[in-house]
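Asks: when you get a sec, could you give me coordinates for this:
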Amino acid sequence: MYSAADFVALSALQHFVFCPRQCALIHLEQVWSENRYTAEGREMHERVDDGKTSYREGVKITRSMPLRSSALGVSGVADVVEWHRRNIGYEPFPVEYKRGKPKKHDADKVQLCAQAICLEEMLSCTIPAGALFYGQTMHRLDVVFDDELRLKTSQAAAGVHNLFVSGVTPLPEYGPKCKQCSLLEQCMPEVLDRSGSVAGYIKKLCRELSEEDI
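Replies: Residues are numbered from 1 along each chain as shown. Just a heads-up that it's a prediction; the model follows:
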């Protein structure tokens, strides 16, 4: 169990699963840069996170709900929590909004599962599932909070806390996902990738400059 003083941002888990270096740059070094993807995501969340409560048949919808978990050592805000009417009362159903489309990795699912774990701890209940809404496809992706995803979420939280304790920003691992990262210029993954060398990059850059002169 973590004390409140040691809590980290819930969103850090999503960043950590996507890329530990990105997580460190944002949450340790306080580096941030906006691109088209982050701007679109911010605008979507501003539309959703108005804090208003609404209703539809059998469902109460709460927006911008504060979350916290001592077990994970995280705090944050849920975009939307739907309260579905059941025979025994209302069952919370977290919904996270994303601008793009479903990913091959589980970063978004881990973030949503962390929200569910926060709600379970706060409300003394069990939440079997939630959903991710993607703006590009305009569809929901249902997410089941099974043992495997819960374990991955706990491991991500532990990884973030270890990152904060070490205070060390990991070296980059350059790959296709880097091209869509808003921190590409600040991260310089192609220069610092542990699999390559600075000397090799400089040689490649000099060769490209020479070809331009020709």
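
Asks: ok, the closest residue to residue 117 other than its chain neighbours - contacts?
Replies: Leaving aside its chain neighbours, residue 117 sits nearest to residue 69 (5.5 Å; criterion: C-beta to C-beta, 6 or more residues apart in numbering). Backbone N, C-alpha and C define where each C-beta goes, glycine included. Contact analysis of residue 69 by C-beta atoms under 8 Å, 6 or more residues apart in numbering lists 75, 114, 117, 118, 121, 122.

Asks: quick check: the gap between residue 69 and residue 9.
Replies: 12 Å (C-beta to C-beta, to the nearest Å).

Asks: identify the contacts common to the two.
Replies: residue 75.

Asks: quick revisit: show me which of the contacts of residue 69 is closest to residue 155.
Replies: Relative to residue 155, the closest of the contacts of residue 69 is residue 114; by C-beta to C-beta it sits at 11.4 Å.

Asks: one step back: in a markdown table, list the contacts of residue 69 along with pLDDT, distance to residue 149 and neighbour count.
Replies: Listed next are the contacts of residue 69 as a markdown table, based on pLDDT from 0 to 100; distance: C-beta to C-beta, whole Å; neighbours: other C-beta atoms under 10 Å:
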| residue | pLDDT | distance to residue 149 | neighbour count |
| --- | --- | --- | --- |
| 75 | 98 | 20 | 16 |
| 114 | 98 | 10 | 27 |
| 117 | 98 | 10 | 23 |
| 118 | 98 | 15 | 25 |
| 121 | 98 | 16 | 15 |
| 122 | 98 | 19 | 14 |
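
Asks: looking at those residues, which is nearest residue 137?
Replies: For the contacts of residue 69, the nearest to residue 137 is residue 114 (22.8 Å; C-beta to C-beta).

Asks: so the closest one sits in a helix?
Replies: Yes. Looking at residue 114 with DSSP: H, G, I helix; E, B strand; the rest coil, it is inside a helix.

Asks: my guess is residue 186 meets residue 25, correct?
Replies: Yes. Counting by C-beta atoms under 8 Å, residue 186 does reach residue 25; the two are 6.5 Å apart.

Asks: looking at these two, which is more packed in?
Replies: residue 25 (22 against 13; other C-beta atoms under 10 Å).

Asks: spatially, what comes nearest to the more buried one if we skip its sequence neighbours?
Replies: residue 31 is the one closest to residue 25 (C-beta to C-beta, 6+ apart), at 4.4 Å.
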